[in-house]
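Asks: Provided below are the primary sequence and the corresponding predicted coordinates.
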Amino acid sequence: MLAKALLRQPSRTLVITAAAVPLALAILADDVRVRRQLHAARRDPLSGLPGREELTVYGDRLLDRRAAVHVMLLDGNGFKAVNDTYGHDAGDAVIAVMGRRLARWTSRRQALAARLGGDEFAVAAVLPAQSALADITALREQLHQPFTHDAHTLQMTVSMGIARAADLPGEDTARLLRGADRAMYKVKTGEVEFPYLATRADAYADTVNGRRAGRPGTHLPAG
């Protein structure tokens, strides 16, 4: 009887493994469906990306699955100079190119990119711990590649902050975004070097009128 039970064991393992495949495919299909719905809900006409609300909904869904979620916040460097030197059409071209590059990067992953406003973007992505920083660094390099617009070569670099769900257990996407925003600001001002991962202190840093200290608009009255 024992021998027969042992012989039956591999087949049971195969059944369990086979059952896991449709489940994984179902999760992937659901992810694609949700991304399409969020893209169609409210898409920024310039970048082609959804906004902050869609990103937080998507990120929270990933967090509910206890996935290895990484949230990146990107802020352009020198965007005003592009507008002042080449005109607003060139500035619009920069935003459009950034949107396309982010959309291409996220389309190959379990990820979603959004435009938060101006030259500020964010990404929520599931990335393997062993390759996450290399993947994010590669994305940054892609965004830094120059392009041609009206016979002018344009290039806009970005400052990027990263927040990992693993470092901020129990927090939602909005809190991860706040941490990534603070991390980005530290990189932008030279306080730390990229790549820098947000800490809990970053995610809970003091705000002014709901905004990170130093962010444009913090001088305005709350309302």
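Replies: Okay, I see it. Numbering: from 1, shown residues only.
Asks: can you pull the contacts of the residue most central in space within the chain?
Replies: Nearest to the geometric centre of the chain sits residue 123, at 1.2 Å (CA atoms, centre = their mean). If you count contacts by CB atoms under 8 Å, 6 or more residues apart in numbering, residue 123 has them with 70, 71, 72, 74, 102, 105, 106, 111, 112, 113, 114, 139. Using the backbone N, CA and C atoms, a C-beta is placed for each residue, glycine as well.
Asks: in the one helix or strand the last one maps to, what counts as buried?
Replies: Take DSSP states H and E as the rule and residue 139 turns out to sit in helix 132-143. For helix 132-143, burial by neighbour count (16 or more other CB atoms under 10 Å) applies to 132, 133, 135, 136, 139, 140, 143.
Asks: which among the residues you listed gets closest to residue 82?
Replies: Nearest to residue 82, judged by CB to CB, of these is residue 143 at 14.1 Å.
Asks: ok so, going back, pipe the contacts of residue 123 into a markdown table and attach distance to residue 57 per row.
Replies: Below are the contacts of residue 123 laid out as a markdown table (distance: CB to CB, whole Å):
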| residue | distance to residue 57 |
| --- | --- |
| 70 | 17 |
| 71 | 13 |
| 72 | 17 |
| 74 | 20 |
| 102 | 18 |
| 105 | 20 |
| 106 | 15 |
| 111 | 14 |
| 112 | 9 |
| 113 | 14 |
| 114 | 10 |
| 139 | 22 |
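Asks: Just the ones in strands from those residues, please.
Replies: 70, 71, 72, 74, 111, 112, 113, 114 (DSSP state E).
Asks: Closest one to residue 195 out of the residues you listed, please.
Replies: residue 72 (9.6 Å).
Asks: That closest one: how many residues sit nearby?
Replies: 27 (other CB atoms under 10 Å).
Asks: how far away is it from residue 187?
Replies: Counting by CB to CB, to the nearest Å, the separation of residue 72 from residue 187 is 11 Å.
Asks: Please enumerate the shared neighbours of these two.
Replies: 160, 161.
Asks: residues in contact with residue 71?
Replies: 59, 122-125, 162-165, 173, 176-177, 179-180.
Asks: Please tell me how far residue 115 sits from residue 100.
Replies: As defined by CB to CB, residue 115 lies at a distance of 12 Å from residue 100.
Asks: Name the residue in these two with the higher neighbour count.
Replies: The neighbour comparison of residue 115 against residue 100 (other CB under 10 Å) goes to residue 115, with 24 against 14.
Asks: Now stretch 96-106 - C-alpha only, PDB.
Replies: C-alpha atoms of stretch 96-106 as PDB (Å, rounded to 0.1, in the frame of the first residue of the first chain):
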ATOM      1  CA  ALA A  96       4.800  63.200 -25.200                       C
ATOM      2  CA  VAL A  97       8.100  61.300 -25.700                       C
ATOM      3  CA  MET A  98       8.400  60.700 -22.000                       C
ATOM      4  CA  GLY A  99       4.900  59.300 -22.000                       C
ATOM      5  CA  ARG A 100       5.600  57.000 -24.900                       C
ATOM      6  CA  ARG A 101       8.800  55.700 -23.400                       C
ATOM      7  CA  LEU A 102       7.200  55.000 -20.000                       C
ATOM      8  CA  ALA A 103       4.200  53.300 -21.700                       C
ATOM      9  CA  ARG A 104       6.600  51.100 -23.700                       C
ATOM     10  CA  TRP A 105       8.500  50.100 -20.500                       C
ATOM     11  CA  THR A 106       5.400  49.300 -18.500                       C
END
